[in-house]
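Asks: Sequence first, then the predicted structure, then my questions.
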Amino acid sequence: MIVLTITAVDNGRVEISTSRLLLRAAQENDVDSLYGAFSNAEVMKYWSTTPHTSKEETSKWLSKMILSPQNEVTDFVIALSNDGPAIGKIGIWQDSEIGFLLSRQYWGNGLAREAMIGVLDYLFTSRNLVEITADVDPRNRRSLSLLERMGFVDVGFEEKTWEVGGEWVDSVYYSLSKKVWEQIKKHLYRSHGLEI
């Protein structure tokens with residue numbers, strides 16, 4: 001049984017933990033671990049920027065995340081529990097748009113799903129959001145599948161919304177309402193071994 005815990009830490013920040021993950025504020029020593037994810041072409045294939053080419057680039061990105069008003073921006077590093085390494089990130093921007101990224105070697109183990117459940121529950125219950133959206137490259141079948149399993153629905157499509165590495169990419173827009181989340185939450189928790 002995986003227990004989901006939301007803990008207030010300091011300066012309005014929270015940490016979300018499960019038996020496998022800790023969603024926490026970014027730290028300077030996350031650079032090496034996160035560079036592994038942000039420099040991987042497969043991981044970054046559908047991200048809004050090209051893969052990082054140096055640790056300095058990841059360090060600059062991480063510095064912005066550290067300095068951002070955590071949990072006003074609501075950006076978390078996904079780390080393995082028990083002081084494990086950072087393996088990705090998950091958060092929202094523009095008030096309600098969720099984004100997530102996970103190091104390649106951790107794909108296929110349900111970790112992105114576990115992080116998503118924790119963040120969605122936090123956003124809908126503690127932050128009282130009424131809707132969470134996602135802007136996804138339509139070629140990113142893995143992310144679209146995860147969003148659909150979480151209850152998100154397709155609400156639109158737009159061509160040429162992002163220019164990444166000199167290539168224009170399209171967007172498919174997804175949405176999840178608090179009402180739908182409340183309806184499917186118990187099922188998701190049970191099916192993923194989480195304790196309510």
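Replies: Good, I have the coordinates. Numbering: from 1, shown residues only.

Asks: can you map out the helices along the chain?
Replies: Per DSSP state H, the chain has helices spanning 31-38, 41-44, 55-67, 111-121, 141-149, 178-191. These are given in chain order.

Asks: by contact count, what packs against the shortest one?
Replies: With contacts defined as 3 or more C-beta pairs under 8 Å, 6 or more residues apart in numbering; DSSP states H and E, helix 41-44 has these neighbours: strand 97-102. (Each C-beta comes from the backbone N, C-alpha and C, glycine too.)

Asks: switch the cut-off to 6 Å
Replies: In terms of contacts (3 or more C-beta pairs under 6 Å, 6 or more residues apart in numbering; DSSP states H and E), helix 41-44 is not packed against any helix or strand.

Asks: So what touches it?
Replies: Residues outside helix 41-44 that contact it (C-beta atoms under 6 Å, 6 or more residues apart in numbering): 37, 51, 104.

Asks: what's the neighbour count on the second one?
Replies: In this case it means Pro51. When counting by other C-beta atoms under 10 Å, one arrives at 16 neighbours for Pro51.

Asks: State whether it and Ser39 are indeed in contact, as I suppose.
Replies: Yes: shown here, Pro51 and Ser39 form a contact pair, counting by C-beta atoms under 6 Å, at 5.3 Å.

Asks: The residue of the chain most remote from its centre and Val153, how far apart?
Replies: Ranked by distance from the centre of the chain (C-alpha atoms, centre = their mean), the top residue is Gly166, with 25.2 Å. Taking C-beta to C-beta, to the nearest Å as the measure, Gly166 falls 32 Å from Val153.
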